[in-house]
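A.B. asks: Next input, structure requested:
(one chain, ligands or ions: 2)
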Amino acid sequence: MAKKLHIKTYGCQMNVYDSERIAEVLSPLGFVPWDTTDGADMVILNTCHIREKAAEKVYSELGRLRKQKEAMAADGRRMVLAVTGCVAQAEGEEVLKRAPYVDMVFGPQTYHRLPQMVAEATRASGQQLDTDFPEESKFDALPQDRTVDGATAFLAIQEGCDKFCTYCVVPYTRGAEYSRPAGAVLSEARNLVQAGALEITFLGQNVNNYHGEASDGSTWSLARLIREAAEIDGLERLRFTTSYPAEVDDDLIAAHKDVAKLMPYLHLPVQAGSDRVLKAMNRNHSVDEYRALVDKLRIARPDLALSSDFIVGFPGETDADFRATLKLIEDVTFIQAYSFKYSPRPGTPAALMDLQIDEAVKTERLAELQAVLNAQTLAFNAACVGKTLPVLLDRTGKKPGQLIGRSPYMQAVVVNTSEPLMNRIVDVTITSAGPNSLLGTLEKDNQKACA
Ligand code: 5AD
Ligand code: SF4
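C.D. replies: Ligands and ions are numbered 1, 2, ... in the order given. Model prediction:
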């Protein structure tokens, strides 16, 4: 009999990818996706440890699940409760202690071992913990066939990080940098296209430092991988995230000019606009180097739209440092951004730095920064009104007859149509723009750039 599996995913796109792969690993054991925790035979929380708030959410969700698990047990049914992702990796033992009703905790590098863990859990009660960084790569043990929900897919090509930005837990939770062999990546890309993907996003914590081994023993860069993947028939769009500015090389810049399938949108986190803060963060580049990189990228691809991550209130950040960040934002312009208050993470150097910033100051700076960033998003969206953009429609909207898709610049575009255009790329003329989405009508001609 089919067993109901609910996976709740927190955090980044790598977690979204991992959740899909976890579902694929469990599918041969009879687990089918179930979209609520209610009545699920197995619930997996795929967690995020990047900021304190993200980690805390897990414990409150576990408290809620405990009640559901107990109610099921009273009914004679068992809910297997599992925690994976970066909280599992960073504080697995603590999860088991704080939530003794959790059956298993496994890290992001060991989910290929899930079939054994599940078998173990059905044989005996008791908690299981597997947060190894195993010798074998999980990717070799995962099923080759991929399923695609809609027409867009993530593909992890690189994992882990050796950069050790002083605020970040990722090098500890995801381990050392590892690039998958180029052949394995291309074969997974072909499988995804076969399963219906028109757009693939290559994922990695430091994706542009990809250096995968090819079958002839040579090493491929991200640019090389992009060029080769662009040759796959049926694949229409390529993206990659997340990039580390200090390691964007000339070949990758050139790929933005040469590879038409590579979308003109780049997530290039800068974090801060002050050299002093960048140095304390161990980011390995100056503000001017970032500006120069953006200039080169925009020469290669004039309509390139940028997004970024920002941290405000890093230890020692003065008002002048913060103003420098605002100035950088005003000069560069970002069409989209993720911004956060600095959150001290256990085990990271910045958590121990002097001059931690007051919460109230962080809150004020974040609001000011977000106001500037939101205005830039809105201005970019407004500049698209009247333009025609190719949109990959891959979701239904809230209202009947609405389809939603992504423009090349990652904007959400809503279209009213009665035609069966789901999972197709269609030309849409933008009629109005808000901060979070564009509205448009189906069209065939006109200009295609908003920048
Ligand atoms: N506090 C706040 N933001 C953080 N990020 C990473 N670590 C922290 C932290 N300790 C942000 C960075 C990164 C994004 C994924 O999360 O901006 O790029
Ligand atoms: Fe964290 Fe820095 Fe690595 Fe990004 S590059 S994952 S911010 S340590």
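A.B. asks: count of neighbours near the closest residue in space to residue 331 that isn't next to it in sequence?
C.D. replies: Leaving aside its sequence neighbours, residue 331 sits nearest to residue 291 (CB to CB, 6 or more residues apart in numbering; 7.0 Å). Just so you know, the C-beta spots here come from the backbone N, C-alpha and C atoms, and that holds for glycine as well. Counted by other CB atoms under 10 Å, the residues lying close to residue 291 total 15.
A.B. asks: My read is that residue 291 contacts residue 333, right?
C.D. replies: No. In this structure, residue 291 is not within contact of residue 333 by CB atoms under 8 Å, at 11.8 Å.
A.B. asks: Please enumerate the strands of the stretch 51-200 of the chain.
C.D. replies: Listed from the start of the chain, the stretch 51-200 of the chain has strands (DSSP state E, counting those that start in this stretch) covering 80-84, 104-106, 128-130, 152-156, 158-159, 178-179, 199-203.
A.B. asks: Dump these to a markdown table, plus mean pLDDT.
C.D. replies: Shown next, in a markdown table, are the strands of the stretch 51-200 of the chain (pLDDT from 0 to 100):
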| stretch | mean pLDDT |
| --- | --- |
| strand 80-84 | 96 |
| strand 104-106 | 96 |
| strand 128-130 | 90 |
| strand 152-156 | 96 |
| strand 158-159 | 95 |
| strand 178-179 | 95 |
| strand 199-203 | 98 |
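A.B. asks: Would you tell me which of these gets closest to ligand 2?
C.D. replies: Ligand 2 lies closest, by CB to the nearest ligand atom, to one member of the strands of the stretch 51-200 of the chain: strand 158-159, at 10.3 Å.
A.B. asks: partner strands of the closest one, parallel or antiparallel?
C.D. replies: If you go by DSSP bridges, strand 158-159 pairs up with strand 178-179 (antiparallel).
A.B. asks: who's in contact with the strand it pairs with?
C.D. replies: For strand 178-179, contacts defined as CB atoms under 8 Å, 6 or more residues apart in numbering pick out 137, 157-160, 204, 209-213.
A.B. asks: can it be found next to ligand 2?
C.D. replies: No. Using CB under 6 Å from any ligand atom, strand 178-179 never reaches ligand 2; the gap is at least 13.1 Å.
A.B. asks: Stretch 105-123 now?
C.D. replies: No. Using CB under 6 Å from any ligand atom, stretch 105-123 never reaches ligand 2; the gap is at least 13.0 Å.
A.B. asks: The longest helix seen in the chain: how far from the chain's middle?
C.D. replies: Ranked by residue count, the top helix of the chain under DSSP state H comes out as helix 359-383. With CA atoms, centre = their mean, to the nearest Å as the basis, helix 359-383 stands 21 Å off its chain's centre.
A.B. asks: Identify all contacting residues around that helix.
C.D. replies: 305, 310, 312-313, 317, 322, 325-326, 329-330, 333-337, 339-342, 409, 411, 433-435, 437-438, 450-451.
A.B. asks: just checking, which of the residues you listed belong to strands?
C.D. replies: 305, 310, 312, 336-337, 339-341, 433, 437-438 (DSSP state E).
A.B. asks: just the helices in the stretch 151-300 of the chain please.
C.D. replies: Chain-ordered helices for the stretch 151-300 of the chain, with DSSP state H, counting those that start in this stretch as the definition, fall at 170-173, 182-194, 222-229, 250-258, 275-281, 287-300.
A.B. asks: Excluding its own residues, what touches the last one? List them.
C.D. replies: Read it as helix 287-300. Residues contacting helix 287-300 (CB under 8 Å, 6+ apart): 245-246, 248, 250, 253-254, 256-257, 266, 268, 270, 273-275, 278, 285, 304, 306, 324, 328, 331-332.
A.B. asks: What are the buried residues along it?
C.D. replies: Neighbour counts over helix 287-300 (16 or more other CB atoms under 10 Å) mark 287, 290, 293-294, 297-298, 300 as buried.
A.B. asks: and the two most separated of those?
C.D. replies: 287 and 300 (20.8 Å; CB to CB).
A.B. asks: count of residues packed around the closest residue to residue 275 other than its chain neighbours?
C.D. replies: In space, and not counting its chain neighbours, residue 275 is closest to residue 286: 5.1 Å by CB to CB, 6+ apart. Other residues near residue 286 number 14, with proximity taken as other CB under 10 Å.
A.B. asks: Look up how far residue 251 lies from residue 286.
C.D. replies: 22 Å (CB to CB, to the nearest Å).
A.B. asks: now residue 243
C.D. replies: Residue 243 is 13 Å from residue 251, by CB to CB.
A.B. asks: the more surrounded of these two?
C.D. replies: Per other CB under 10 Å, whichever of residue 243 and residue 251 has more neighbours is residue 243, with 20 against 14.
A.B. asks: shouldn't residue 109 be in contact with residue 132?
C.D. replies: Yes. With contact defined as CB under 8 Å, residue 109 reaches residue 132; the gap is 6.9 Å.
A.B. asks: Specify which residue of the two has the higher count of neighbours.
C.D. replies: residue 109 (23 against 12).
A.B. asks: burial of the residue nearest to that one when sequence neighbours are not counted, as a residue count?
C.D. replies: Among residues not flanking residue 109 along the chain, residue 133 sits closest, at 5.4 Å (CB to CB, 6+ apart). Each residue near residue 133 was counted by other CB under 10 Å, and the total is 14.
A.B. asks: Residue 303 now?
C.D. replies: 13.
A.B. asks: Which pLDDT value goes with the residue nearest to residue 300 when sequence neighbours are not counted?
C.D. replies: Using CB to CB, 6+ apart and skipping the chain neighbours, the partner closest in space to residue 300 is residue 257 (4.1 Å). Here the pLDDT value assigned to residue 257 is 98.
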